[in-house]
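Undergrad: Predicted structure and sequence below. I'll ask about it afterward.
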Amino acid sequence: MKNKVFDELKDLVTEARNPVSEDIDCKSTEEILRIIHAQDQAVPMAVEKEIPHITQAVDLLVATFKRGGRLFYIGAGTSGRLGVLDAAECPPTFGTEPEMVQGIIAGGFAALTSAQEGSEDRGEQGVADLRKAGFSNKDVLCGIAASRRTPYVVAALEKAREMGAQTIFITCNPRSDLAAIVDVYICPVVGPEVVMGSTRMKAGTATKLVLNMLTTTAMIRLGKVYGNMMIDLQMNSRKLEERSKKIVMMITGLDYQKAKEILVAADGHVKTAIVMALAGINAASARQRLEASDGFVKGALKAR
């Protein structure tokens with residue numbers, strides 16, 4: 001007798017057999033690689049079709065961040081790891097507080113390095129983990145589940161909606177198959193995987209692209225980029241120290257030594273250093289201007 005999980009999985013695009021790779025086990029190494037590569041070409045196009053929905057999600061996030069809310073990702077397996085990865089990259093890249101973007105993964109920290117497959121079936125644990133993380137109705141929950149049915153994720157999204165919070169769902173199955181449990185659906189349908197059901201492949205790639213777009217665009221909208229240069233990075237490694245000096249040099253025209261000196265005077269804050277150099281003011285005045293312009297350097301430079 002078939003069970004509920006079988007019925008949920010049997011018709012999913014992400015669980016279908018790909019006709020292009022049906023005899024992949026008989027191919028040479030190069031032929032296998034060319035099949036995988038050719039299939040990967042569909043991923044960016046699938047993401048492009050979702051840009052209107054990604055736009056809605058970014059605007060939702062920007063409004064949330066401006067009122068002091070946070071973004072929480074929640075997922076299991078590959079989806080969960082990608083959410084945790086994107087959250088972890090925000091502080092060094094954009095100078096955000098670690099609490100601003102957070103990742104929750106089924107199975108906890110151990111699941112980052114070792115598969116905890118059964119954990120995705122525990123919807124009640126998704127709710128418990130959401131509560132443990134301190135999620136509130138001021139925050140946004142972004143569920144990630146290539147299959148769209150992961151109980152751990154769906155239960156957490158339903159709880160977030162019950163709390164009055166806004167929600168986003170990233171899945172690689174068609175929007176037409178989904179019940180309305182979230183505010184914004186992002187559905188890059190990449191088709192069946194080269195290896196049936198291995199959603200760490202095309203679905204994982206599509207998810208990574210979408211997450212990059214969500215946080216990067218939101219941070220740009222929050223003034224954390226000047227031109228196309230990151231200006232809120234944290235100088236917590238030698239590489240980032242030197243990158244900070246280079247950015248200050250490129251924007252202000254200062255030489256290496258002067259850029260180093262002004263960064264010291266700015267307590268290592270690249271934005272402040274840039275405003276100090278271009279406006280000819282001290283660090284305190286630069287900070288005041290940045291605060292008045294909501295953190296936008298170009299706005300701070302226009303202020304008087």
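TA: Looks like it arrived, so ask away.

Undergrad: who touches the host helix or strand of residue 284?
TA: Residue 284 belongs to helix 283-292 when assigned by DSSP states H and E. Applying CB atoms under 8 Å, 6 or more residues apart in numbering, the contact partners of helix 283-292 are 265-267, 271-273, 275-276, 279, 281, 296-297, 299-301, 303. For every residue, glycine as well, the C-beta is placed using N, CA and C.

Undergrad: Swap in 10 Å and give it another go.
TA: Applying CB atoms under 10 Å, 6 or more residues apart in numbering, the external contacts of helix 283-292 come out as 223, 262, 265-267, 269, 271-279, 281-282, 296-297, 299-304.

Undergrad: how about low-confidence regions in the stretch 101-250 of the chain?
TA: By pLDDT under 70, the weakly predicted segments of the stretch 101-250 of the chain are 177, 180.

Undergrad: can you tell me which helix in the protein is longest?
TA: In the chain, with assignment by DSSP state H, the single longest helix is helix 202-221.

Undergrad: Please save the CA atoms from that one in CSV.
TA: In CSV, the C-alpha atoms belonging to helix 202-221 read as follows (Å, rounded to 0.1, in the frame of the first residue of the first chain):
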residue,chain,number,x,y,z
LYS,A,202,20.5,22.0,-10.4
ALA,A,203,18.1,22.9,-7.6
GLY,A,204,21.0,23.6,-5.3
THR,A,205,22.6,25.9,-7.9
ALA,A,206,19.3,27.7,-8.5
THR,A,207,18.8,28.2,-4.8
LYS,A,208,22.3,29.6,-4.3
LEU,A,209,21.7,32.1,-7.1
VAL,A,210,18.5,33.2,-5.6
LEU,A,211,20.0,33.6,-2.1
ASN,A,212,22.9,35.7,-3.6
MET,A,213,20.3,37.9,-5.3
LEU,A,214,18.2,38.4,-2.2
THR,A,215,20.8,39.5,0.3
THR,A,216,23.1,41.3,-2.1
THR,A,217,20.3,43.4,-3.6
ALA,A,218,18.9,44.1,-0.2
MET,A,219,22.3,45.2,1.1
ILE,A,220,22.8,47.5,-2.0
ARG,A,221,19.4,49.0,-1.3
